[in-house]
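Engineer: Okay, here's the prediction I keep looking at, along with the sequence it came from:
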Amino acid sequence: MSNEQIILEAKHLTKRYFGLVAVNDLNFQVKKGRIHALIGPNGAGKTTTVNMITGDDPQTEGEVLFCGQPISKMPIYSRAQLGIGRTFQNIKLFSTMTVMENLMIGAQSKTNQNILSWLVNFKKANDEEKALKEKAEEILNFIGMYKYKDEAVNNLAYGRQKMTELGRTLMTDPKLILLDEPAAGLNPSERKEFIDIIQKVYEKDVDMFLIEHNMDVVMNLSHDITVLNFGCKIAEGSPKEIQQNEEVITAYLGEGYRQKMAKEAGTNA
Ligand SMILES: Nc1ncnc2c1ncn2[C@@H]1O[C@H](COP(=O)(O)OP(=O)(O)OP(=O)(O)O)[C@@H](O)[C@H]1O
Ligand SMILES: [Mg+2]
């Protein structure tokens, strides 16, 4: 496969925290135009992997390539400039600020703007602020959040806060978004809404790297799945292959999941 078709690649990616090997010699490729899921039990090393991709946490060994380019030594904002966006397992927003303000601040994380340059050039700053505001409004419309734009984040339901985080990431025009448990804590209707929005964003040519424990979400959304257990890759393949993989069933999905799948197959037959 040529390099242009691979948006993200991990090569021998390893993270050690003192005695603990959180991620162990991990290799995988995320193909362009695909939704790729990373699944596995609690503590398997999924968030640590995402943190090494974004630069939030440095790797101990190995490297990450984005569109063929080594990025492992770059700071977080340079990786964002290249087109890597993320959401966090534990929401990281300015909770007393409005949805709109959070989106506008999100866009700043990718620019070189600093307070001094704003003071030096009011006109330019004003024009930029206006453009950012328009862009934020467009994104909020797209993700169905426009009517909440002036609400403080801490007044919003949890699902809306998660959606705000997605909106903030979209402000940086990502080519790839790393979603760390987007559906955790959502009720079924919020979950469905989130899946629809992720699908809509994906249809705008944004690739997705998805960490998620909810198997309905994973199996419905993803094209390719990598499975981690104790920091090591134990399987990769299509949703169907992963559902039937004995090692994945033993380590993560459980016998109950196999029975549920068999029952659903029987019902649908
Ligand atoms: N900053 C840290 N210092 C020490 N150990 C850490 C640190 N961050 C993570 N770990 C450990 O690394 C391992 C992998 O953690 P990680 O958060 O990546 O797991 P995860 O797969 O995201 O789990 P979950 O599904 O619960 O979110 C765990 O054993 C965790 O306790
Ligand atoms: Mg995690």
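Structural biologist: Perfect, thanks for sending it. Ligands and ions are numbered 1, 2, ... in the order given.
Engineer: ok, what's across the strand from the closest residue to ligand 2 within the stretch 151-269 of the chain?
Structural biologist: Of all residues in the stretch 151-269 of the chain, residue 180 sits closest to ligand 2, with a separation of 6.0 Å (Cβ to the ion). All C-beta atoms are positioned from the backbone trio N, CA, C, and that covers glycine. Bridge pairing for residue 180 (DSSP bridges) gives the partners residue 211.
Engineer: what about residue 13, which helix or strand?
Structural biologist: strand 6-17 (DSSP states H and E).
Engineer: residues of that strand that come out buried?
Structural biologist: For strand 6-17, the neighbour count (16 or more other Cβ atoms under 10 Å) marks 6, 7, 8, 9, 10, 11, 13, 14, 15 as buried.
Engineer: Give the full set of residues in contact with residue 96.
Structural biologist: 152, 153, 154 (Cβ atoms under 8 Å, 6 or more residues apart in numbering).
Engineer: show me which of the residues you listed neighbour ligand 2.
Structural biologist: Contacts with ligand 2 are made by none of those, judged by Cβ under 5 Å from the ion.
Engineer: Adding pLDDT, secondary structure and neighbour count, write those out as TSV.
Structural biologist: Formatted as TSV, the contacts of residue 96 follow (pLDDT from 0 to 100; DSSP: H, G, I helix; E, B strand; the rest coil; neighbours: other Cβ atoms under 10 Å):
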residue	pLDDT	secondary structure	neighbour count
152	95	strand	15
153	95	helix	20
154	95	helix	11
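Engineer: CSV please, covering the residues you listed and showing distance to residue 56.
Structural biologist: Formatted as CSV, these follow (distance: Cβ to Cβ, whole Å):
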residue, distance to residue 56
152, 26
153, 21
154, 23
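Engineer: Residue of the stretch 1-150 of the chain nearest ligand 2, please.
Structural biologist: Closest point on the stretch 1-150 of the chain to ligand 2, by Cβ to the ion, is residue 47, at 3.1 Å.
Engineer: Can you check my assumption that that residue lies in a helix?
Structural biologist: Yes: counting by DSSP: H, G, I helix; E, B strand; the rest coil, residue 47 is found in a helix.
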